[in-house]
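> any chance you can model this:
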Amino acid sequence: MDLKFNKNEDHNKLLLSEMRTRLGQVKLGGGQKRIDKHKAKGKMTARERINYLVDNPDKCIEIAAFAGDGMYEEHGGCPSGGVVVKIGHVSGKQCLIVANDATVKAGAWFPITGKKNLRAQEIAMENKLPIIYLVDSAGVYLPMQDEIFPDKEHFGRIFRNNAVMSSMGITQISAVMGSCVAGGAYLPIMSDEALIVDKTGSIFLAGSYLVKAAIGESIDNETLGGATTHCEISGVTDYKSKDDKDALDTIKKIMSKIGDYTKAGYNRIAPAKPAKDPEELFGLLPASRADQYDMRDIIDRLVDNSEFDEYKEGYGQTILTGYARINGWAVGIVANQRKLVKTKKGEMQFGGVIYSDSADKATRFIANCNQKKIPLVFLQDVTGFMVGSKSEHGGIIKDGAKMVNAVSNSVVPKFTIIIGNSYGAGNYAMCGKAYDPRLIVAWPSAELAVMSGNSAAKVLLQIETASLKKQGKEITPEVEKELFDRIKSRYDDQVSPYYAASRIWTDGIIDPRDTRKWISMGIEAADHAPIEKPFNLGVIQV
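Now for the predicted structure:
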């Protein structure tokens, strides 16, 4: 291996180390003191509950672990959005699990908590996956109630989704393992089956203090809405459990008896590992986002047997398209080529830029995958579409629109991996979050924004210096540099993959070596939901 490879490897492994450190902090939730206090009540933590429930904790993927990262600091923060969401297997059945983290503000709902729960339900509905709720929440975080309570995508949408999922035949199971108050009390009762843990679980529309204030009745919380009340008097819950493990064991028994599902029928054979070592990903991916490299080298370390059957290899070369397998599943790959390429006409095309011919190729390939019922995997490292008079006169807008149209109307499941750059309209064309990928994740090397930090800082600097000059201020080279550095620093914070993950623009930041696991788990989930409508591009400019 050469010196450049070693430098790339050091850089990318440092990024991965930072990600692991930050993830370790996130997993502490509200901190060790609150964890100790939580366990003193005889309760397991949210992550312990999930790990006990699933067949194999190592074969799970966690959705939006970095939700809320760096947000709400004036309120003490909201690690992981105050809720843990994982896809795993329970009694052999793949399902989605949502567990409130009561160590974070007693499991109260911040705005990002609502967004994360809705994302979990969206995944369950798209893939017709059973969903298990492990409830331990104090309800809406009152200081921010105006940002979580009344709007369409706020708290109430969750109960609407409960009803819709029930009508779709999606199994929902709830275990009340702590507080379950006010509007949140509807969630377990709108599930198919509800469990409650004796002495620690409680369900009521209003707690004892509010009851006293509202109607003058004096009553304790256990009598008002504890396990005995709801299992033996109100009939609100179906199972009374002696402790957390007993409740989780009951869920395992329920899941073990669920019938099989109608499969979408995506093609799968025996899995095979890549022939080329995935460990080499760290040295192949450049440390600089501006450097060129061959995306085929990345693909070779992600796909089974390192076999990639290219479609239209010599045409539209700034996008690679072709067929492969990932953990046995047949996939169609659409990837940005980051290497400078020379066309048959002798023209040079910049890597990472989408040209008319590459957009045309991608459109046709996406249509082919829909025709053949092959899931799509997008590997993003894109700076945008080509600009300038030649591209405009050649119809780049029309060709870009075709590609966006194909991505938008695709009916096979789509999965997006942001490897490096994800800028501007390139993010859209390569199946960004707005285009309904079943899962979208980023590597620690990813950057998401309208444009790069350097380009954006230059544009913003021009605007700011023009404004200062109008005010009669002199802009020296020193002042200009100080302004540029300040603008770029602010913009770079927003370009970071953590900024995107904290707001759930992506479903997570992952170790590049886990890419195969995420795609495989995603296709397995998608296989629960047969395609219900034909692929149709609608009106399109030829």
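
> quick one, helices of the stretch 201-350 of the chain?
For the stretch 201-350 of the chain, the helices defined by DSSP state H, counting those that start in this stretch cover 208-215, 221-225, 227-228, 244-256, 281-284, 295-300.

> want to try JSON lines for these, with distance to residue 419 and mean neighbour count as columns?
Where you see a C-beta, it was placed from the backbone N, CA and C, and this is true even at glycine. Shown next, in JSON lines, are the helices of the stretch 201-350 of the chain (distance: least, C-beta to C-beta, whole Å; neighbours: other C-beta atoms under 10 Å):
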{"stretch": "helix 208-215", "distance to residue 419": "51", "mean neighbour count": "12"}
{"stretch": "helix 221-225", "distance to residue 419": "49", "mean neighbour count": "17"}
{"stretch": "helix 227-228", "distance to residue 419": "49", "mean neighbour count": "18"}
{"stretch": "helix 244-256", "distance to residue 419": "36", "mean neighbour count": "18"}
{"stretch": "helix 281-284", "distance to residue 419": "9", "mean neighbour count": "22"}
{"stretch": "helix 295-300", "distance to residue 419": "7", "mean neighbour count": "21"}
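
> residue 267 is nearest to which of these?
Nearest of those to residue 267, taken as C-beta to C-beta: helix 295-300 at 18.7 Å.

> residue 81 should be in a helix, yeah?
Yes - counting by DSSP: H, G, I helix; E, B strand; the rest coil, one finds residue 81 located in a helix.

> tell me, how many residues neighbour it?
Residues near residue 81, counting by other C-beta atoms under 10 Å, number 30.

> how many neighbours does the closest residue to it other than its chain neighbours have?
Excluding its sequence neighbours, the residue lying closest to residue 81 (C-beta to C-beta, 6 or more residues apart in numbering) is residue 67, at 3.5 Å. Counted by other C-beta under 10 Å, the residues lying close to residue 67 total 28.

> with residue 150 instead?
The burial count for residue 150: 10, using other C-beta under 10 Å.

> report pLDDT for it.
Per-residue pLDDT puts residue 150 at 83.

> kindly list the longest helix within this protein.
helix 3-26 (DSSP state H).

> wait, the residue nearest to residue 81 sits on residue 101?
No - look at residue 67 against residue 101 with C-beta atoms under 8 Å: they stay out of range, at 11.1 Å.

> what sits in contact with each of those two?
Common neighbours of residue 67 and residue 101, counting by C-beta atoms under 8 Å, 6 or more residues apart in numbering, are 80, 83.

> need the helices of the stretch 201-350 of the chain in CSV (columns: distance to residue 444 and mean pLDDT).
Below are these laid out as CSV (distance: least, C-beta to C-beta, whole Å; pLDDT from 0 to 100):
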stretch, distance to residue 444, mean pLDDT
helix 208-215, 46, 82
helix 221-225, 45, 85
helix 227-228, 44, 90
helix 244-256, 33, 98
helix 281-284, 10, 98
helix 295-300, 15, 98
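
> how about those helices in a markdown table, adding distance to residue 535?
A markdown table is the format used below for the helices of the stretch 201-350 of the chain (distance: least, C-beta to C-beta, whole Å):
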| stretch | distance to residue 535 |
| --- | --- |
| helix 208-215 | 53 |
| helix 221-225 | 50 |
| helix 227-228 | 50 |
| helix 244-256 | 34 |
| helix 281-284 | 33 |
| helix 295-300 | 25 |
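
> who wins for proximity to residue 525 among those helices?
The nearest among those, by C-beta to C-beta, is helix 244-256 at 15.4 Å.

> tell me the strands in the stretch 201-350 of the chain, going along the chain?
Taking DSSP state E, counting those that start in this stretch to define them, one finds strands in the stretch 201-350 of the chain at 202-204, 239-241, 309-310, 319-326, 329-336, 341-342, 348-349.

> related to what we said a few turns ago, closest one to residue 458 among the helices of the stretch 201-350 of the chain?
helix 295-300 (27.3 Å).
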